[in-house]
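Trainee: 3D, please:
(chains A and B)
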Protein chains: 2
Amino acid sequence: MPDKYTQLLGKIIEIGRLTAVDALIQWDQDTYMPQKGVNARAEMCAQIAITSHQLQTSDALGELISNVEETGEPARDTNIREAKRNYERASRLPSELVEQLSRASSLAKSAWAQARQENDFPAFAPHLDELLKLARQKADAIGFEGERYDALMDEYEPGAKSADIGDLFKSLRGALVPLVQSIANSTNPIDDEIIRRHYPEAAQEELCKHLASAICFDFTAGRLDRSVHPFCTSMGPRDVRVTTRFDERFFSPAIFGVLHEVGHGLYEQGLDPAHQFTPMGTATSLGIHESQSRLWENMVGRSLAFWKHHYATAQEYFPEALGDVPLEAFYRAINKSAPSLIRVEADEVTYNLHIIMRFELERELIAGRLDVKDVPAAWNQKAEEFLGLTPPNDADGCLQDIHWSLGGFGYFPTYALGNLYAAQFYAKADADLGGLEAQIARGECQPLRMWLQENIHSHGMRYRAAELCEQVTGQRLSIDAFMDYLNRKYKSLYSLA
Amino acid sequence: MPDKYTQLLGKIIEIGRLTAVDALIQWDQDTYMPQKGVNARAEMCAQIAITSHQLQTSDALGELISNVEETGEPARDTNIREAKRNYERASRLPSELVEQLSRASSLAKSAWAQARQENDFPAFAPHLDELLKLARQKADAIGFEGERYDALMDEYEPGAKSADIGDLFKSLRGALVPLVQSIANSTNPIDDEIIRRHYPEAAQEELCKHLASAICFDFTAGRLDRSVHPFCTSMGPRDVRVTTRFDERFFSPAIFGVLHEVGHGLYEQGLDPAHQFTPMGTATSLGIHESQSRLWENMVGRSLAFWKHHYATAQEYFPEALGDVPLEAFYRAINKSAPSLIRVEADEVTYNLHIIMRFELERELIAGRLDVKDVPAAWNQKAEEFLGLTPPNDADGCLQDIHWSLGGFGYFPTYALGNLYAAQFYAKADADLGGLEAQIARGECQPLRMWLQENIHSHGMRYRAAELCEQVTGQRLSIDAFMDYLNRKYKSLYSLA
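Mentor: Modelled structure (predicted):
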C-alpha cells in the first residue's frame, strides 16, 4: 500500500489529467470542430465536468487530505495545500448550486450575444440579475473574511483582497490620468495609418510564427491555430496551444495578439514537467499569467529594441505596406495611445482605466449597492469619468465583454494586476541580466525567457502571486515600475515635457 | 426517481460520452498534437480508460441491468441487450488482465515498429508470444462455445463464428484463384503508369474534398485532415472525422483512401442522432462498417460510371497528368489487378487472399497449433500458396501489419466480410433503386446514400451483422454477389473469356 501522500498525489493527478482532457476538447471546439458538433460537444464537456467534480469531492480524497502530513518539502507541501483548498472549495459548493450556475451561465451567454447584437440591455438584465444572485450564494458558500467579492476573486487570484486592490487601483488611476491628459495635448501626435494598410493574411501568419519562435516558443511542444477569439490553453508544458485571428486591414491584432498568447504559452511551457498535472506544475494565478502575456506583448513586443532586430523581416513580409516606412514611424504607429470605448482595442496606457471601472462596477453589483437596471447609466457615467467618452449605445458600453455572462465576477482585476506585475518583473530581470534592451535589440530573448522560467514559471503554485512578487523582486506589488515604464516610453513617443 | 430503464440509459450515455472523448483525443494525437505531447497524451488516454472501465463495471450498472425489463420497443431492447453484453464482457475481464494487455500491447507496438524497420522478427517474437498468451486468457475469461478465437473475434464482429467464416473463406478462395489466374494470363494486360505520374498535393486535396462532397459527406458535420495512417473516427453523427495522406507520385492512395474513409464516415453520419452515445446509435460491427467503406471506395469509386461523371473534373485538377488520357485508359489504370506482397496496396481481386491467409494463421496461433517461432516460415508458405509470391524479408511479410502488435487477433476477417457484405448490399440497392449505374453516371449518389442510411445506418446495433444482411437482402451472406461483381468487372477490364 503506497503511503498517504503517494495516494493523494495519485488522486490529484487523476483530476489534473481530466482538466487537460477538458482543455483539449474545448480547444478543438474553438478551432476544428465542425459546426454541427456543438450539441455532442456540450455533452462531452458535461461528462468530464461531472466526472471531475466527483473526483474532487470524493470521500476518499477528503480522507487522505485530513490524514496526510506536510514535511517542508516544497512540492509536497504545495500539492497538499492546494489539494486542501480545492477540496474545500468544491465541497462547500452544493452540487445543486454548481448545476444552477452552469445552466444560468449557459443561458446567459446566448442571451448576452443576442443582446449585444441587438443593443438590448433589458433582454440581458434578468440573466445578469440571476447570475449575481447565484454568485452571491457561491461566495457565501465558499466563505470570506472581508467582502463577498473576495471569495469570487479568489478563484482567479488566490489570496487577493479587494480592499488592497481598490487602494492599488486608486493610486494607479491617479497616476494614469495626467499621462493620458499629456498625451492628448501632445504637440507631436501619432497617426497610425501605417498599420491600417493591407497586410496579406498568409504573410501575417508567417511573421507570427517567426516572432513566436524568436521569443522562444517551442513549436515541437505547441501549436498556433486560428479561432474567433484568441486564447492560450495547455495540456501540460509539452503541449501548449495558442490561437489568433487575422485582419488584413490591421497589422496589430494578429501580431501582438500572438505575442500576447505566446507570453501565456511560455509560462505554460516553462512549468516543470516533473510536476505535470499537479499544483506544483500549474500556473499560480491569472494575474501572474497575464503578467507574462503583457510582458512579451508590450514591454518586449512593442519596444523599439525588439523592432530594431525584427523590422527588416517585417518589411520583407510586407514590402508594399512597410517598404518605405522608417522604423521610427512604425514604432510610433504601433504605440499610438488615445482613450477609446472598447477594452480589447485599448492601448497599454488607457487599458487599465477600462479595468478599474469594471472592478468598481462589479464590486458594487456583488455588494448589492448597484442595481442591474442601473448598470447602463452607471457604466456610461464611469466611461465619461475615466475615459472622457460616452458610449453611443450599450453594445459598445456595458454589453461589450463576455465575462459577466459567464458569471466571471472577479476576473477583470487580474488583467490590470498582470500589467503591474509585468513591469515589476521586467525591471528586476533588466537589473539581474544587465540591460535587456541591448539583448532584445540583438534578437536575444533566451536570457529573459530563462530568467522568467527560473524565477516564476518553475515554481508552479508554490507561492501565491503577492508572495512570488516579493520573493522575485524584493518588493510588494506597486504601481511604480509600471508607471516608470509608461512615463519613460510615452514621454519619448509623444515628446512630452 | 426515474424508472430503471431511464436510469440505465443515463449510465449508458455516460459511457458513450467518454468513448467520444477518447475518440477525439486520439484523433488529435494523430493529426495536430505537437510531437512532445505524447507522454501527457498517454496519461490523458489512460485516465479516460480508467474512468470508463469503472463506469462499465460499476455495481450500480450491474444492478440496473439485472432489474430492467425488455418491452419489445426496438431502441430500448437493443440498448438493454448491448448494455448486458458490454457489462458481462467488462466484468469478466479481471482488471489485472486489462492492465497487462494494455501494457503488453503498448510495449509490443514499439517493438513491432522497430522490428519491422530492422527486419528482425526474433526481436518481436517474445512480444507476440506474450500477447497470444494474454489473448488466450482473455478469451477464456470471456468464454466461448466453439473455439477460443470466437471470443476474440466477437469483440469486432459480434456473433460471428470462426467455423462459418472458415467455410465462407474456403469457397471465396476457391472462386478467386481462377479469376486471379485468368487476369495473369490476360492478353490485354493493364499498365498503370498513368496513375504514377505527378499529382500535385494541393490539387489532390481539393479533388478529395470535391469527391467526398459528391458522395454526400456532410462537411458541416465532419472534417478531412492529414495523418500518417488514414482513418475515420466519430464523436457522434454530427462530428465525424476522416484523414488521409498524400503521395504526389501516386494518384490512388489519397483519392481512393478518402472515398474509403468517407464510406465509413457516411455510416457514422447516417446513425440516428436521437440515439447518440447509445448502442442504438452505434455501428453494429466492423464487418458492416467495412462494407460501407469498400462499397464507396470500390463498387462506386472505382466504377466506370462514377468516372464518367467525375473524370472531366479530375482532368481539370491534373491537366498535365491526365489531360491527354482517355477515360477508358484511366479507368483501366485505377483497376489494375495483380498479386502483391503488401495487403494495404492490394487490389480488390487479390485483397481477400491476404485476409484469408491471415485468418488461417491467427486461428492456428490462438489455438496453439502454430508456434510463434514458426510464423515467418508459415507466413511465407501461405504467401506462396495464396499469392504465388515469397516475401524477400519479414518486413514485407509477417511484420507488415500493426494488428497483432495491438493484440487485435480476430480483426482481420472483418475486412473480407466487409467486401462480401458490400457486394450483397449493392446488388440489393441496385435492384431496389432501379439501376444504380445510370444514377452514378449522372452524379446522383444521394439515392444510394439514402438507401444505405434507411436500410443499414439508421438501425444502429438493432441487428447483428448476419441478421441485418438477411433482413436487408433477403439472403444469408454468401460470396455470390461479390464474385458476380468481380467476374463481370474484371472480365470486361481484362478481355477475359
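Trainee: Outline the domain layout of chain A.
Mentor: In the domain annotation for chain A, the residue ranges read A:4-92, A:119-497 (automatic domain parsing).
Trainee: gap between the two ends of the longest one?
Mentor: The distance separating the two terminal residues of domain A:119-497, taken as Cα to Cα, to the nearest Å, comes to 42 Å.
Trainee: if I look at the residue positioned nearest the centre of chain A, how far off is A:E364?
Mentor: The structure's chain A has its C-alpha centroid closest to A:E290; by Cα atoms, centre = their mean the separation is 4.1 Å. According to Cβ to Cβ, to the nearest Å, A:E290 and A:E364 sit 23 Å apart. Glycine gets a C-beta too; all of them are placed from N, C-alpha and C.
Trainee: Could you look up the SS state of A:G72?
Mentor: Classification of A:G72 by DSSP: H, G, I helix; E, B strand; the rest coil places it in coil.
Trainee: Show me the helices in the stretch 51-200 of chain A, by range?
Mentor: A:59-67, A:74-92, A:95-118, A:121-142, A:148-156, A:162-184 (DSSP state H, counting those that start in this stretch).
Trainee: no no, the stretch 251-400 of chain A
Mentor: Going by DSSP H, counting those that start in this stretch, the stretch 251-400 of chain A shows helices at A:252-270, A:286-294, A:304-317, A:319-322, A:327-333, A:351-367, A:375-387.
Trainee: Quick one: those as JSON lines, columns for distance to chain B and mean pLDDT too.
Mentor: Putting the helices of the stretch 251-400 of chain A into JSON lines (distance: least, Cβ to the nearest Cβ, whole Å; pLDDT from 0 to 100) gives the following:
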{"stretch": "helix A:252-270", "distance to chain B": "10", "mean pLDDT": "98"}
{"stretch": "helix A:286-294", "distance to chain B": "19", "mean pLDDT": "98"}
{"stretch": "helix A:304-317", "distance to chain B": "22", "mean pLDDT": "98"}
{"stretch": "helix A:319-322", "distance to chain B": "25", "mean pLDDT": "98"}
{"stretch": "helix A:327-333", "distance to chain B": "32", "mean pLDDT": "98"}
{"stretch": "helix A:351-367", "distance to chain B": "31", "mean pLDDT": "98"}
{"stretch": "helix A:375-387", "distance to chain B": "38", "mean pLDDT": "97"}
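Trainee: Make TSV from those and add distance to A:P447 to it.
Mentor: Formatted as TSV, these follow (distance: least, Cβ to Cβ, whole Å):
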stretch	distance to A:P447
helix A:252-270	13
helix A:286-294	16
helix A:304-317	13
helix A:319-322	28
helix A:327-333	23
helix A:351-367	27
helix A:375-387	38
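Trainee: The helix or strand bottoming out on mean pLDDT in chain A vs chain B: in contact?
Mentor: When the helices and strands of chain A are scored by mean pLDDT, DSSP states H and E, helix A:95-118 comes last with a mean of 90. No: Helix A:95-118 lies apart from chain B when judged by Cβ under 8 Å from any Cβ of the partner chain; the minimum separation is 14.9 Å.
Trainee: And that helix, what's buried?
Mentor: A:V98, A:Q100, A:L101, A:A104, A:S105, A:A108, A:A111, A:W112, A:A115, A:R116 (16 or more other Cβ atoms under 10 Å in any protein chain shown).
Trainee: The fourth one: what's it in contact with?
Mentor: The contact partners of A:A104, by Cβ atoms under 8 Å, 6 or more residues apart in numbering or on different chains, come to A:H127, A:E130, A:L131, A:L134, A:G407.
Trainee: Is it possible to get JSON lines of the domains of chain A that adds distance to B:L322?
Mentor: Output for the domains of chain A, formatted as JSON lines (distance: least, Cβ to Cβ, whole Å):
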{"stretch": "domain A:4-92", "distance to B:L322": "31"}
{"stretch": "domain A:119-497", "distance to B:L322": "29"}
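Trainee: what's the closest of these to B:L304?
Mentor: Closest to B:L304 of these, according to Cβ to Cβ: domain A:4-92, at 32.8 Å.
Trainee: End to end on the closest one, go ahead and measure it.
Mentor: By Cα to Cα, one end of domain A:4-92 lies 23 Å from the other end.
Trainee: before we move on, the earlier item: just name the most buried of the helices of the stretch 51-200 of chain A.
Mentor: Mean neighbours per residue, mean count of other Cβ atoms under 10 Å in any protein chain shown, is largest over the helices of the stretch 51-200 of chain A for helix A:148-156, with a mean of 23.
Trainee: Could I have the CA atoms of it written out in PDB?
Mentor: In PDB, the C-alpha atoms belonging to helix A:148-156 read as follows (Å, rounded to 0.1, in the frame of the first residue of the first chain):
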ATOM      1  CA  ARG A 148     -18.200  38.800  -0.600                       C
ATOM      2  CA  TYR A 149     -16.400  39.900  -3.800                       C
ATOM      3  CA  ASP A 150     -13.100  38.500  -2.300                       C
ATOM      4  CA  ALA A 151     -14.500  34.900  -2.400                       C
ATOM      5  CA  LEU A 152     -15.200  35.200  -6.100                       C
ATOM      6  CA  MET A 153     -11.900  36.900  -7.000                       C
ATOM      7  CA  ASP A 154     -10.100  34.200  -5.000                       C
ATOM      8  CA  GLU A 155     -10.900  31.700  -7.700                       C
ATOM      9  CA  TYR A 156      -8.800  33.600 -10.300                       C
END
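Trainee: which residues touch that helix?
Mentor: Residues contacting helix A:148-156 (Cβ under 8 Å, 6+ apart): A:89, A:135-136, A:138-140, A:142-144, A:160-162, A:165, A:285-287, A:362-363, A:366-367, A:408-411, A:413-414.
Trainee: Look up phi and psi at A:S227.
Mentor: phi -150, psi 160 (degrees, to the nearest 10).
Trainee: Tell me the pLDDT of it.
Mentor: Note for A:S227: predicted pLDDT of 93.
Trainee: For A:V242, see how far away it is.
Mentor: Distance, A:S227 to A:V242, using Cβ to Cβ: 10 Å.
Trainee: Check A:Q7 too.
Mentor: In this structure, A:Q7 and A:V242 are 36 Å apart, going by Cβ to Cβ.
Trainee: distance of the nearest residue to A:L433 once chain neighbours are set aside from B:P200?
Mentor: Among residues not flanking A:L433 along the chain, A:P447 sits closest, at 5.2 Å (Cβ to Cβ, 6 or more residues apart in numbering or on different chains). Distance, A:P447 to B:P200, by Cβ to Cβ: 44 Å.
Trainee: circling back to that earlier point, more neighbours: A:S227 and A:V242, which one.
Mentor: Just comparing A:S227 and A:V242: by other Cβ atoms under 10 Å in any protein chain shown the higher neighbour count belongs to A:V242, 29 against 16.
Trainee: does the lengthiest helix in chain A come close to chain B?
Mentor: Longest helix in chain A, counting residues (DSSP state H): helix A:4-31. Yes: counting by Cβ under 8 Å from any Cβ, chain B is contacted by helix A:4-31 at A:I13, A:E14, A:R17, A:L18, A:A20, A:V21, A:L24, A:I25, A:D28.
Trainee: how about the residues of chain A that lie near chain B?
Mentor: By Cβ under 8 Å from any Cβ, the residues of chain A that approach chain B are A:13-14, A:17-18, A:20-21, A:24-25, A:28, A:32-37, A:39-41, A:43-44, A:46-48, A:50-51, A:218-223, A:225, A:235-236, A:238-240, A:276-277.
Trainee: Need the phi and psi values for A:T390.
Mentor: Dihedral angles (degrees, to the nearest 10) for A:T390: phi -120, psi 120.
Trainee: Alright, calling it a day.
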